[in-house]
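Peer 1: turn this into a model:
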Amino acid sequence: GSDAQGPSVESTNCGIGVTIHEDVEGQLKVISMTHGGPADLSGEVEVGDVLVSIDGTSTDGMKKPEATGCLRGKAGTMVRLVLRRQGREVEAMVERDEAQHRVWKVLSQYSELHPEDFEDDLSDDNEEETGAAGKGEGKEGETGSSPADAMKQKLTK
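Peer 2: Numbers count the residues shown, from 1 in each chain. Here you go, the predicted model:
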């Protein structure tokens, strides 16, 4: 069953809070960022940036699910991005973070209403998360809390 991998998935499957889109030329572009997510807070990633490489791996010919996989990893680890912005390449270091997941729960409700905004990269997470949320996350009073509250809880722990 999928339960067996519950908690371990939580901590190793942290992203940096970006949604990427493959354009007609096969370039992977950042089309949105999670407000308050790692990429947003780093100040080093901008919407419209093209991913050139992830941790030294060129994204040339890489498909979106593969790139999304490369961006994910253990919470607290850094991911090194090379981004093309207005014709020049910039490097960004972003820390993966678990707080993502709490924000994504809010986003997942939005994505059900607007699936065109969130192609495939968020929907996979939601199925796995529902199991874990009942057990581990419930005690923090998830119901009705905003992403800002979740961030505060994380800081006050």
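Peer 1: residue ranges with poor pLDDT in this protein?
Peer 2: Confidence mapping of the chain against pLDDT under 70 gives the ranges 1-12, 99-157.
Peer 1: which parts of it are helices?
Peer 2: Applying DSSP state H to the chain gives helices spanning 6-12, 38-42, 64-71, 99-113, 123-132, 147-156.
Peer 1: which other residues reach the second one?
Peer 2: So the one you mean is helix 38-42. 15-18, 30, 33-34, 45, 92-97, 100 (Cβ atoms under 8 Å, 6 or more residues apart in numbering). Backbone N, C-alpha and C define where each C-beta goes, glycine included.
Peer 1: which of those residues lies closest to Leu51?
Peer 2: Leu51 has its nearest neighbour among the contacts of helix 38-42 in Val30, at 7.2 Å by Cβ to Cβ.
Peer 1: isn't that closest one right up against Thr19?
Peer 2: Yes. With contact defined as Cβ atoms under 8 Å, Val30 reaches Thr19; the gap is 7.4 Å.
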